[in-house]
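J.: mind looking at a prediction? Sequence and model below.
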Amino acid sequence: MDLSLQDFLSLSEAERVPYIKDHAILYAQQFDRESLDYHCRLADTCRKMHKTSEGADFLSSLLRHWTALNFFVQPSSRTFLSFNSAQSTLGMRRASVRDINISSMSKGETLTDSIRTFISYVDLVVMRHGDSDAGAVAYWIATKARKININGEERPIPIVSGGSGTKQHPTQSLLDIYTLEKSFEPIGGIDGKTIMLVGDLKRGRTVRSLSYLMKNYNDVELVFAAPDRYQMQDDILQFLDTHDVPWRMVDSLSAAVADVDAIYMTRIQDEWDNLAPGTHEATSDEFCFKLEHLRNMKSTACLLHPLPKRDEIEEAVDYADDDRVVYWRQERNGMWMRVAIIAKLFGVGEAILERA
C-alpha cells in the first residue's frame, strides 16, 4: 500500500478494490461471477463434508494454528455466531471484543491503535462497526503491520467486514447469493430472475450489498418497494444503470408480489434514529408481508430476510409450513458461507474441494 491513510480513504469503494485484492473482504464490489460461484461451491462442499466425522475432523484440522478475533462494536447475533461457528468448524482459536466500554477504546484509544494492537495477537479480524470507513481503516493499518504467510505468500492480517455503517455488509450478500442459488437450483439459478427488495432500502446495508452483486448475473431485474423516505439511494441506482441492471420502484409490496421470483424483506433501520430506547417505527401496511402475500407468490418463489425481523412479516408466516419461506435456512446458510469465506482467505479452499 503506497497511499497514506487519508489518500486511501479519499478513494471511492470501487477505487479501493484493486488495493484490497483478495486479502480482505470489505465491499460487495470485490466479487465477480467466478468468485461468487466458487464461494457457493465451497460452502456446499464444506456443508456436505461436515456431515461425516472424518470430514468434520479434516475441516477442523485446517486452521487450528490460526487465531481469529471477532470485533463487534455494534450489536449482533447471527453474524457474530455464524463467524464464531465457522471459525470453530475450521479449527481456529477464537477471541472477541464486543463491548468497547471494557476495552481501551473507552479510554480514548483510536481505532487505528486498537486495530494495530489486535493484529499483534490474532491472524484474522472480523469487525462490525458503525463507521462505514472502519474496515478500510483497519485494512490500511493491516498493510503496515505484522504479516502472515499463506501458501508461501506474505500477506496482511485479513480484515473481514461483518457490517459497516449503513452502506455495506458483503458477507451477508454472499450468503444471500448462496440462498438464492439453492432456492433457484431447480429453475436455472439466479440468471433471469426478478428480485424485490422491501423495507428500509436507504439504510439497509444488506440490500445495498446484494444490489451491487446483481451486475454479475444475466437478465436480473430488481424491484424496490419502500416508502419514499426509505427508497434506494441514487448511488446504487446509478451503479445499476452503469451495469445495465434494470430496476423499478413500486409503492407497495402487493404491486409486484405475484410477479417476482424472490422477495427480500428488511426492517426499518431505526437504530440510526434518535428514538427512545425500546421503541421503533411501525411498518406501514403497504410494506408488511402477510399470509395473503404468501398465497399470491409464485410456486417457485422464495421469501428472504437477513434478520432480525420485527413486524414487517406477519407472525403466522413463520409457521405456515411453506418451503418458500427460506429465511431460517438463509440464517443457517450464513455459517457455511462464512466457512467458505475464511477457507478461501486462508488458502485452504482447494484442499477442501480436492478432498470432496
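T.: Perfect, I can see it now.

J.: now this protein, which segments are flagged as low pLDDT?
T.: Low-confidence segments of the chain (pLDDT under 70): 74, 99-107, 272-279.

J.: residue boundaries of the helices in it?
T.: 5-10, 13-20, 33-49, 53-61, 78-89, 111-119, 134-144, 170-183, 205-213, 234-242, 291-296, 315-318, 327-345, 349-355 (DSSP state H).

J.: now these as CSV including distance to Asp251 and mean neighbour count?
T.: Quick note: C-beta positions are derived from backbone N, CA and C, even for glycine. Formatted as CSV, the helices of the chain follow (distance: least, CB to CB, whole Å; neighbours: other CB atoms under 10 Å):
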stretch, distance to Asp251, mean neighbour count
helix 5-10, 37, 13
helix 13-20, 30, 16
helix 33-49, 32, 19
helix 53-61, 47, 14
helix 78-89, 30, 21
helix 111-119, 41, 18
helix 134-144, 35, 23
helix 170-183, 24, 25
helix 205-213, 17, 25
helix 234-242, 17, 14
helix 291-296, 15, 14
helix 315-318, 22, 13
helix 327-345, 24, 23
helix 349-355, 44, 15
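
J.: TSV for those, including distance to Ile150?
T.: Shown next, in TSV, are these (distance: least, CB to CB, whole Å):
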stretch	distance to Ile150
helix 5-10	22
helix 13-20	15
helix 33-49	16
helix 53-61	17
helix 78-89	16
helix 111-119	15
helix 134-144	13
helix 170-183	19
helix 205-213	25
helix 234-242	31
helix 291-296	46
helix 315-318	42
helix 327-345	8
helix 349-355	11
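
J.: which among these is found nearest to Ser254?
T.: Closest approach to Ser254 among those (CB to CB): helix 291-296, 7.0 Å.

J.: count of residues packed around the nearest residue to Asn149 once chain neighbours are set aside?
T.: For Asn149, ignoring the flanking residues on the chain, the nearest one in space by CB to CB, 6 or more residues apart in numbering is Arg155 at 7.5 Å. For Arg155, the count of nearby residues is 19 (other CB atoms under 10 Å).

J.: got the contact list for Arg155?
T.: Applying CB atoms under 8 Å, 6 or more residues apart in numbering to Arg155 gives the contacts His23, Lys147, Ile148, Asn149.

J.: what do you get for Ile341?
T.: Shown in contact with Ile341 (CB under 8 Å, 6+ apart): Ile25, His39, Ala86, Val160, Thr171, Leu174.

J.: check Glu331 too.
T.: When contacts are counted by CB under 8 Å, 6+ apart, Glu331 touches Arg78, Ser82, Leu307.

J.: ok, it to Tyr217 distance?
T.: 23 Å (CB to CB, to the nearest Å).

J.: and for Arg116?
T.: Taking CB to CB, one finds Arg116 at 39 Å from Tyr217.

J.: try Ser299
T.: 22 Å.

J.: more neighbours, these two?
T.: A direct count of neighbours by other CB under 10 Å for Ser299 and Tyr217 places Tyr217 higher, at 18 against 6.

J.: quick check: closest non-adjacent residue to that one.
T.: Ile190 (4.8 Å).

J.: how far away is that neighbour from Cys302?
T.: For Ile190, the distance to Cys302 - CB to CB - is 11 Å.

J.: common neighbours of those two, please.
T.: Residues within reach of Ile190 and of Cys302 at once, by CB under 8 Å, 6+ apart, are Leu180, Phe184.

J.: who has more neighbours out of those two?
T.: When Ile190 and Cys302 are compared for neighbours, Cys302 comes out ahead with 26 against 22, by other CB under 10 Å.

J.: ok, now which ones touch the closest residue to that one other than its chain neighbours?
T.: Of all residues not flanking Cys302 in the chain, Ser183 sits nearest, at 4.1 Å (CB to CB, 6+ apart). Taking CB under 8 Å, 6+ apart as the criterion, Ser183 is in contact with Ala262, Cys302, Val326.
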